[in-house]
Structures are given as structure tokens and as C-alpha cells.
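K.L.:
From the sequence below, what's the structure:
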Amino acid sequence: MKVKVWTTDTEIWIEREDGTRGFERFADYPRLREATQEERKTYEVLPKGLHWEVLDEDLSFEGFFNKKEHTALYRFFMQHPELNASAIARRLGISQSLFAQYISGNKRPSAEREQQIAEQIRRIGAELMAVSL
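P.N.:
Numbering: from 1, shown residues only. Reported below is the predicted structural model:
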């Protein structure tokens with residue numbers, strides 16, 4: 001797919017050949033949210049999406065045009081930006097890109113996967129509570 005790509009301070013936009021435009025907010029992706037403006041501009045356009053080598057982040061073109069609801073995972077990670085979603089994905093044994101899509105609402109985890117995610121977050125909370133300073 002041929003697209004035109006540009007960034008603003010808060011979003012990345014694409015325009016298809018037919019003129020249809022879509023965007024993703026940097027705030028919806030932890031690695032893009034924390035990146036500098038220069039890092040955000042270092043994307044590579046691939047056949048199915050965008051890739052940031054330095055950030056190890058991928059966004060598919062289809063995600064730019066899917067209506068997303070703000071899921072419980074999205075709200076949780078927006079309320080707790082101190083949590084490292086990539087590290088939680090590694091603990092769960094799933095790809096960081098897939099976990100980011102669950103958070104952003106581009107993909108919906110199965111009920112079983114949602115339960116696994118919730119249990120992992122509870123475990124992390126219990127571990128944090130057990131730490132004595």
C-alpha cells in the first residue's frame with residue numbers, strides 16, 4: 001500500500017492513495033509516548049505498516065483506520081504510565097507488539113488471555129507490596 005506519512009507533536013498520520021486519512025496518537029503506545037520527537041520521526045515505511053527500529057515498535061496500517069474503544073487495559077496503562085508494558089508482555093510470553101495492540105484497542109484479547117494479563121498484573125502488585133525498604 002502506498003501512503004503518505006507525517007507526524008505532529010502528538011500523532012502520526014497516514015494518507016492512502018484514495019485520500020483517506022487516519023492517525024494514531026503517540027500517547028496510546030508506551031514506547032512512542034516516551035520517545036523524543038526525533039526518535040518518533042525515525043520510522044520506516046514497510047508494506048503493511050510502520051517500523052521504528054530504535055524503539056522496537058510497529059504499527060500496522062489497518063490500525064490507523066479501525067475505530068477503537070478505550071479498553072480497560074488502555075485506561076489502566078494510561079492511569080499507570082510508570083508500568084512498563086513491554087516488560088509485562090515479556091513476563092506473559094507474548095510479543096510486545098501484540099500486547100501494545102491489546103492496550104490500544106487495535107486487537108482484543110480472548111477472555112482467557114485477559115485473565116492471564118490481570119493475574120500477571122496482580123502478581124506484580126503483590127511483588128511490589130512484598131518489597132521492604
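
K.L.:
buried ones in the helix ranked longest in the chain?
P.N.:
When the chain is scanned for its longest helix (criterion: DSSP state H), the result is helix 111-130. Neighbour-count burial for helix 111-130, with 16 or more other C-beta atoms under 10 Å as criterion, is recorded at I117, I121. Any C-beta I mention is one placed from the backbone N, CA and C, and that applies to glycine too.

K.L.:
Give me the helices and strands touching it, please.
P.N.:
Of the remaining helices and strands, those touching helix 111-130 by 3 or more C-beta pairs under 8 Å, 6 or more residues apart in numbering; DSSP states H and E are helix 85-92.

K.L.:
I'd like to know which elements the helix it packs on is packed against.
P.N.:
In this structure, helix 85-92 packs against helix 30-34, helix 96-104, helix 111-130, with contacts taken as 3+ C-beta pairs under 8 Å, 6+ apart.

K.L.:
Swap in 6 Å and give it another go.
P.N.:
When contacts are defined as 3 or more C-beta pairs under 6 Å, 6 or more residues apart in numbering; DSSP states H and E, helix 85-92 sits against helix 96-104.

K.L.:
what angle do the helix it packs on and helix 85-92 make?
P.N.:
Computed by axes from the mean of the first three to the mean of the last three C-alpha atoms, to 10 degrees, the angle separating helix 96-104 from helix 85-92 equals 110 degrees.

K.L.:
Using CSV, list the CA coordinates for helix 96-104.
P.N.:
C-alpha atoms of helix 96-104 as CSV (Å, rounded to 0.1, in the frame of the first residue of the first chain):
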residue,chain,number,x,y,z
GLN,A,96,5.3,-6.7,22.8
SER,A,97,3.7,-5.5,19.6
LEU,A,98,0.6,-7.7,20.2
PHE,A,99,0.4,-6.5,23.8
ALA,A,100,0.5,-2.9,22.6
GLN,A,101,-2.3,-3.7,20.2
TYR,A,102,-4.4,-5.1,23.1
ILE,A,103,-3.7,-1.9,25.1
SER,A,104,-4.5,0.5,22.2
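
K.L.:
what is the orientation angle of that helix with helix 111-130?
P.N.:
90 degrees.
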